[in-house]
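Sequence unavailable; structure follows:
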Ligand SMILES: Cc1ncc(C[n+]2csc(CCOP(=O)(O)OP(=O)(O)O)c2C)c(N)n1
Ligand SMILES: [Mg+2]
């Protein structure tokens, strides 16, 4: 800890962010956070301008998902924080580390309120209901500690969003904050006895399988090695997509909702579940029957027992837990690899046959996307049918952190701002946004933000003139369609009006051409695809 001398609260925030390696933030300034903005400029932290605070937090989320680092957004108080809340709720449900630093009511603001600008009845209380924790600092001196605490929490165990509120008078008040250096992330090692038990159970299994979720992103290599050692087919959740390259002989596919994954789980006598919630929002058709045969690896001890009670749980960082298993099992590809590959092929064929039915109407589009994205591309997808029935199941992924989807919370409007964050986090990668016509309009202003930042992102909008999934569900119930049909705008023209390029693509050739041009362009390209 070193004294940083006299400075204002706003500048102390910027310095604390800088001390934690933050080089980019998304935010919208307001009367209450000007001093923080002065501090950001002074610290040389890159600032990107979304067009709505929800876009700021989604962008920070996309950045965090592809880099594994903390994504940061800054806002003023009241409505700005509530605008960001939805995206923070998304980050919470998908275990993404996003920090929101917001201005708040002055320190001596009367509890029942007095009509201050942006006053909210209980903003911290509201945010406590959404994020991991929301904390209001009470002195300039506390600011570096509060920021360091937020990073410490987000870098340990299960990463989830945090809100730090700085009373507006503290932002301009002078104080002598004491710098707090970033703490090194703790290592969560598995208990040796549990490892022994888990390894023995897996070694005994005749038909093992692995389910990998978003928590396996940092352990892709270990997942592959354990799978090869055991000859275990691997199915990935939505957030785990790409943990095992989808052209690996043991890969079954991504998306637990496909019946073949359930069939695989039923057929297996041991299931190794790595960093996966086994959540209803992944499984859709009820819990897996996993009684007595599950080994769970999870950093979160509560999650390790939720949705499926494990026979053995390894509460640990996934790479360590899997390394411990490999040590006990022997790291070389085991004799069961061949049999495992045959089993995987059987379930993969079933998976693809089932998914191909779901995805048939987008087969040209998905083939064009696969060609343009190659092995290293990144897709930020919206909560649209072309994403969860199409790209999730049929667009191959080859690495973790390459398929971004608003899984748990299911928020429309995620794709474009998340793609912005992803492209800023991975500037050399091909990053594409995939949206429905409904979802795009939720955060349509972020097209202007992407254009301003000159990001070469193709924004593929699949247009079925309405809320297609909900229309389908109404029809399935025999209800008349209500509130699900609308005329889409001319999305290519809309893109151009926002400063992007814009094209209409209604054939495979037009798509291929549009995508190639878009990745080489000087700005985003909205590609309007009729369904
Ligand atoms: C913020 C939010 N509001 C409402 C919903 C409910 N919802 C789920 S899918 C959907 C339709 C989305 O339409 P579109 O983006 O065009 O995709 P499509 O279903 O047509 O493929 C709606 C309204 C939601 N997921 N998120
Ligand atoms: Mg639609």
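Great, that's in hand. In this text the structure is predicted, and so the values were computed from the model without any measurement. Ligands and ions are numbered 1, 2, ... in the order given.

okay, CA-based contacts and neighbour counts for the rest of this
Noted.

For residue 270, see how far away residue 204 is.
9 Å (C-alpha to C-alpha, to the nearest Å).

how would you label the residue nearest the centre of the chain: helix, strand or coil?
Central residue of the chain (C-alpha atoms, centre = their mean): residue 65, 4.7 Å from the mean position. Following DSSP: H, G, I helix; E, B strand; the rest coil, we place residue 65 in the helix state.

Would you quantify the distance from it to residue 57?
For residue 65 relative to residue 57 (C-alpha to C-alpha), the value is 12 Å.

My read is that residue 297 contacts residue 319, right?
No: using C-alpha atoms under 8 Å, residue 297 makes no contact with residue 319, being 9.7 Å away.

show me what contacts the residue lying closest to residue 252 once chain neighbours are set aside?
Nearest non-adjacent residue to residue 252, counting by C-alpha to C-alpha, 6 or more residues apart in numbering: residue 348, 4.3 Å away. Going by C-alpha atoms under 8 Å, 6 or more residues apart in numbering, residue 348 touches 251-253, 260.

Looking at these, which is nearest ligand 2?
Taking C-alpha to the ion as the measure, ligand 2 sits nearest to residue 253 out of those, at 25.2 Å.

Name the SS class of the closest one, please.
strand.

what sits opposite it in the beta ladder?
Beta-bridge pairing for residue 253 (DSSP bridges): residue 235.

Could you pull up the residues touching it?
234-236, 241, 246, 348, 351, 393.

The residues you listed into TSV, with extra columns for pLDDT and distance to ligand 1?
Shown next, in TSV, are those (pLDDT from 0 to 100; distance: C-alpha to the nearest ligand atom, whole Å):
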residue	pLDDT	distance to ligand 1
234	98	28
235	98	24
236	98	22
241	98	20
246	98	24
348	98	25
351	98	21
393	96	15
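
ok, so of those residues, who is nearest residue 174?
residue 241 (48.1 Å; C-alpha to C-alpha).

and residue 445, how far is that from ligand 1?
15 Å (C-alpha to the nearest ligand atom, to the nearest Å).

Just to check, that residue is in contact with residue 51?
Yes: contact criterion C-alpha under 8 Å: residue 445 and residue 51 qualify, at 5.5 Å.

what mean pLDDT would you report for stretch 90-107?
Stretch 90-107 carries an average pLDDT of 98.

Give me the contact status of that stretch with ligand 1.
No: for stretch 90-107 and ligand 1, the contact criterion (C-alpha under 6 Å from any ligand atom) is not met; the two come no nearer than 10.2 Å.

mind listing what's buried in that stretch?
Under the neighbour-count criterion of 16 or more other C-alpha atoms under 10 Å, stretch 90-107 has 90-106 buried.

what's the answer for stretch 322-337, then?
Neighbour-count burial for stretch 322-337 [16+ other C-alpha under 10 Å]: 322-326, 329, 331, 333-334, 336-337.

re the thing from before, so which of the buried residues of stretch 90-107 are in strands?
Applying DSSP state E to the buried residues of stretch 90-107, the entries found in strands are 98-104.

any chance of the residues you listed in TSV, plus distance to residue 515?
Formatted as TSV, those follow (distance: C-alpha to C-alpha, whole Å):
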residue	distance to residue 515
98	30
99	33
100	34
101	37
102	38
103	41
104	44
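
between those residues, which is nearest ligand 1?
Within these, the smallest distance to ligand 1 is 19.0 Å, found for residue 98 (C-alpha to the nearest ligand atom).

Tell me the buried residues in the helix or strand encompassing residue 511?
The secondary structure element spanning residue 511 is helix 508-519 (assigned by DSSP states H and E). By 16+ other C-alpha under 10 Å, the buried positions in helix 508-519 come out as 511-512, 514-515, 518-519.

returning to that earlier point: what separation do you get for the residue nearest to the centre of the chain and residue 179?
Residue 65 is 28 Å from residue 179, by C-alpha to C-alpha.

same question, residue 359
Counting by C-alpha to C-alpha, the gap from residue 359 to residue 179 is 53 Å.

same thing with residue 78?
28 Å.

Number of residues surrounding residue 137?
The tally of other residues near residue 137 (other C-alpha atoms under 10 Å) stands at 18.

Now it: closest residue in space, sequence neighbours ignored.
Excluding the flanking residues, the one nearest residue 137 by C-alpha to C-alpha, 6+ apart is residue 166, at 5.7 Å.

Please report phi then psi for that neighbour.
phi -110, psi 110 (degrees, to the nearest 10).
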